[in-house]
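In: Sequence unavailable; structure follows:
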């Protein structure tokens with residue numbers, strides 16, 4: 001366990017240095033890049049030392065022992081010997097350590113003594129100037145060299161003349177300071193030159209030679225990064241297998257064409273719930289390769305199908321899987337119609353995107369493929385959606401076509417009447433039970449069978465939709481299933497109003513229209529009743 005923790009710590013500090021090597025070729029490397037490069041090489045050496053004590057039966061350990069060799073150690077020592085990382089980080093440029101180049105060390109010593117020399121030159125120059133000048137100093141400016149600087153006086157401001165002494169050559173004035181070139185500063189230029197630039201140039205030359213040496217080991221470093229990445233993946237898979245209670249699947253040849261998963265789990269879903277219900281999947285040529293899932297909304301159909309897909313995928317990438325046991329024949333591909341990814345960059349409707357996913361599955365899925373379809377056809381009319389889904393499933397169930405393994409969920413309950421019965425097709429559902437007040441309790445347990453109801457009204461009620469709306473939905477559903485006309489739902493007030501209007505119409509039809517008095521009385525009474533009804537409606 002200690003070796004595992006150390007390896008993980010080393011891998012965390014291993015960077016992808018191929019980008020850095022690329023920058024070296026264009027001379028664009030900075031201090032941070034040098035730090036990352038050295039840190040990566042240093043931790044790679046540590047990884048190599050740890051792997052020497054591990055079993056050499058594993059192929060990757062053998063490769064690491066061969067690649068993480070003395071060449072890597074020599075390269076790390078060379079970088080450590082040349083670069084002063086602390087000073088480089090402070091000055092933000094490449095700094096060479098003392099002892100690498102004698103000429104460079106001498107220049108640095110001279111440069112370090114320049115402040116004291118500048119003070120002495122300033123004192124000497126001050127003694128030669130007019131006694132009215134009481135202070136001065138010497139400053140070094142790149143490209144301009146050493147300059148004598150004097151404070152700007154009131155006399156200079158009034159006269160607008162900065163030529164105060166024939167021994168001084170005026171250069172410029174800035175921030176109330178006047179800069180001159182004197183005999184003493186000229187002598188510093190002649191003796192020292194642009195020492196700072198010379199030091200930087202020499203360090204740059206050393207850096208380029210170091211870069212050339214490192215680039216000669218590009219192939220070794222590239223291999224180191226590849227092996228580090230592979231080791232990181234294997235350690236992650238191994239750690240996950242232990243922490244998440246995963247098991248090693250048995251991968252079988254394609255010809256066996258089986259998918260046996262005992263008590264499979266959905267890794268992500270089980271992290272989000274207090275208790276996860278595992279399910280078993282058995283698909284094979286003998287037991288049927290197509291499963292059509294029906295059942296209520298939110299009963300767990302989508303989670304189950306994704307769970308199967310993830311287990312198959314994990315097995316194919318070399319990972320352990322979340323199950324008690326698993327036997328999976330090699331699959332040529334996993335084709336899905338689960339999510340519809342809409343985007344303004346794709347000028348297609350939701351249904352067109354779904355169709356494209358189905359077309360890909362139909363055209364490419366062979367008898368060793370796995371196909372997962374979740375509620376295809378809901379993006380168009382119920383009749384057209386059912387027809388398309390049934391046609392696709394019938395195509396796969398035909399003995400003359402290649403038959404992939406298929407998991408499909410649907411709320412088209414007529415699907416059973418449209419897909420021909422065969423040993424290839426089986427129907428399953430997720431178990432539910434009715435609790436108090438007809439409340440649905442989801443058990444999330446897979447079982448053989450077929451459900452003709454989606455219980456959408458129950459699910460709607462469970463999420464808080466008003467009871468009268470749910471009840472009306474049930475009434476409409478019953479009428480549709482029984483092929484009966486849907487009765488109009490009237491408000492009680494509207495019903496009373498309709499009855500009153502019928503009475504008025506009947507009275508009007510029996511009136512003696514030749515008697516004007518009768519007509520006048522009828523109209524006045526009708527107006528009074530309308531006014532009373534309007535007032536009552538306002539009060540309500």
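Out: Looks like it came in fine. Everything numeric here is computed off the predicted structure, so don't read it as measured data.
In: what about the stretch 351-500 of the chain, any weak spots by pLDDT?
Out: Across the stretch 351-500 of the chain, residues meeting the criterion (pLDDT under 70) sit at 435-438, 489-495.
In: Which parts of it are helices?
Out: Secondary structure of the stretch 351-500 of the chain by DSSP state H, counting those that start in this stretch: the helices cover 382-397, 415-418, 456-462, 467-481, 492-509.
In: Of all the ones you listed, which one is nearest residue 274?
Out: With Cβ to Cβ as the measure, helix 456-462 is the member of these nearest residue 274 (18.2 Å). Just so you know, the C-beta spots here come from the backbone N, C-alpha and C atoms, and that holds for glycine as well.
In: By neighbour count, which bits of the closest one are buried? Give me those.
Out: Neighbour-count burial for helix 456-462, with 16 or more other Cβ atoms under 10 Å as criterion, is recorded at 456-461.
In: Max pairwise distance over the residues you listed: which two?
Out: 456 and 461, at 9.7 Å, using Cβ to Cβ across the buried residues of helix 456-462.
In: per-residue confidence averaged over stretch 501-514?
Out: Confidence for stretch 501-514, expressed as mean pLDDT, is 79.
In: Residues contacting that stretch, please?
Out: For stretch 501-514, the surrounding residues in contact (Cβ atoms under 8 Å, 6 or more residues apart in numbering) are 518-519, 522, 526.
In: count of residues packed around residue 123?
Out: Neighbourhood size, residue 123 [other Cβ atoms under 10 Å]: 13.
In: Figure out the helix or strand that it lives in.
Out: helix 102-128 (DSSP states H and E).
In: Next secondary structure element downstream of that helix?
Out: Counting by DSSP H and E, the element after helix 102-128 in chain order, helix or strand, is strand 137-141.
In: who does that following strand touch, helix- and strand-wise?
Out: The contact analysis (3 or more Cβ pairs under 8 Å, 6 or more residues apart in numbering; DSSP states H and E) places strand 137-141 against helix 102-128, strand 145-151, helix 183-192.
In: looking at those, which is buried most?
Out: The highest mean neighbour count among the helices and strands packed on strand 137-141, using mean count of other Cβ atoms under 10 Å, belongs to strand 145-151: a mean of 21.
In: angle of that one against strand 137-141?
Out: In terms of direction (axes from the mean of the first three to the mean of the last three Cα atoms, to 10 degrees), strand 145-151 departs from strand 137-141 by 140 degrees.
In: relative to helix 102-128, how tilted is strand 145-151?
Out: Interaxial angle, strand 145-151 versus helix 102-128 (the same axes, to 10 degrees): 30 degrees.
In: by how many degrees do strand 145-151 and helix 183-192 diverge?
Out: With the same axes, to 10 degrees as the basis, strand 145-151 and helix 183-192 are set at 160 degrees to each other.
In: What strands flank strand 145-151, and is each parallel or antiparallel?
Out: Sheet pairing here is set by DSSP bridges, and for strand 145-151 it gives strand 137-141 (antiparallel), strand 177-181 (antiparallel).
In: which residues are contacting it?
Out: For strand 145-151, using Cβ under 8 Å, 6+ apart, the contacting residues are 118, 121-122, 125, 133, 135-141, 164, 168, 171, 176-182, 184-186, 188-189, 192, 194.
In: picking that back up, for residue 430, find the nearest of the strands paired with strand 145-151.
Out: So among the strands paired with strand 145-151, strand 137-141 is nearest, using Cβ to Cβ, at 80.8 Å.
In: List the buried residues for that closest one?
Out: By 16+ other Cβ under 10 Å, the buried positions in strand 137-141 come out as 137-138, 140.
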